[in-house]
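Colleague: the amino acid sequence is not available; the structure is as follows:
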């Protein structure tokens, strides 16, 4: 995955911000999924160093926290404009400098992924987990897109996991606002049906 450099007109400098950051512990939420009887753990967090309202964070300190949890792969779904607005336009490069494998699949809240794109990401996540890697799914506030993708992964790994069970798990873990938009809710609730239709089309080709 090619990572684009940050825009020149970025209003934030994460290196400068890091120097004055009053660090609060990075909140990491763990989800347990099962695949063929095997327990697979996935975590969700905010973007490392994400600066929202008065919450001033350090990219470096947050990445160190993730490292301390033996997380090796980061799946990041925020487009460049979100990274800029959160004051972390250089975060992708900082993640790589810290030794993380960055899986960068940006999409906006109003423009969700297609089923083939979704399956590609889910397969990549599953391969990481099967290889014994710990993965973290990240979005600006640790809810919304990252929760939706975690829910999709759970349903993809376990055919017996229903949408209702998935939504309940996400709400227990991240609160009632885990799924933030109607589009995210519909995408998650219709995933099984849309995946079956997609697979049927592949068989017919």
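Modeller: Yep, that arrived. None of these values were measured; they are calculated from a predicted model. Numbering: from 1, shown residues only.
Colleague: determine the longest strand present in this structure.
Modeller: Longest strand in the chain, counting residues (DSSP state E): strand 38-46.
Colleague: that one pairs with which strands, and in what direction?
Modeller: strand 29-35 (antiparallel), strand 135-139 (parallel) (DSSP bridges).
Colleague: distance of residue 133 relative to residue 196?
Modeller: As judged by CB to CB, to the nearest Å, residue 133 and residue 196 stand 29 Å apart. Heads up, the C-betas are built off the backbone N, CA and C, glycines and all.
Colleague: same question, residue 121
Modeller: Separation of residue 121 from residue 196 (CB to CB) stands at 18 Å.
Colleague: same check, this time on residue 145
Modeller: Distance of residue 145 to residue 196, given as CB to CB: 23 Å.
Colleague: surely residue 150 touches residue 137?
Modeller: Yes. Judged on CB atoms under 8 Å, residue 150 makes contact with residue 137 at a distance of 5.4 Å.
Colleague: hey, what's in contact with both of these two?
Modeller: Common neighbours of residue 150 and residue 137 are listed as 42, 44 (criterion: CB atoms under 8 Å, 6 or more residues apart in numbering).
Colleague: skipping adjacent residues, who's closest to the residue sitting nearest the centre point of the chain in space?
Modeller: Centroid check for the chain by CA atoms, centre = their mean gives residue 137 as the closest residue, at 2.6 Å. Nearest non-adjacent residue to residue 137, counting by CB to CB, 6 or more residues apart in numbering: residue 146, 4.3 Å away.
Colleague: so what does the host helix or strand of the one you found touch, helix or strand wise?
Modeller: Assessed by DSSP states H and E, residue 146 sits inside helix 145-157. Where contact means 3 or more CB pairs under 8 Å, 6 or more residues apart in numbering; DSSP states H and E, helix 145-157 is packed against strand 29-35, strand 38-46, helix 115-130, strand 135-139, helix 163-174, helix 182-189, helix 191-204.
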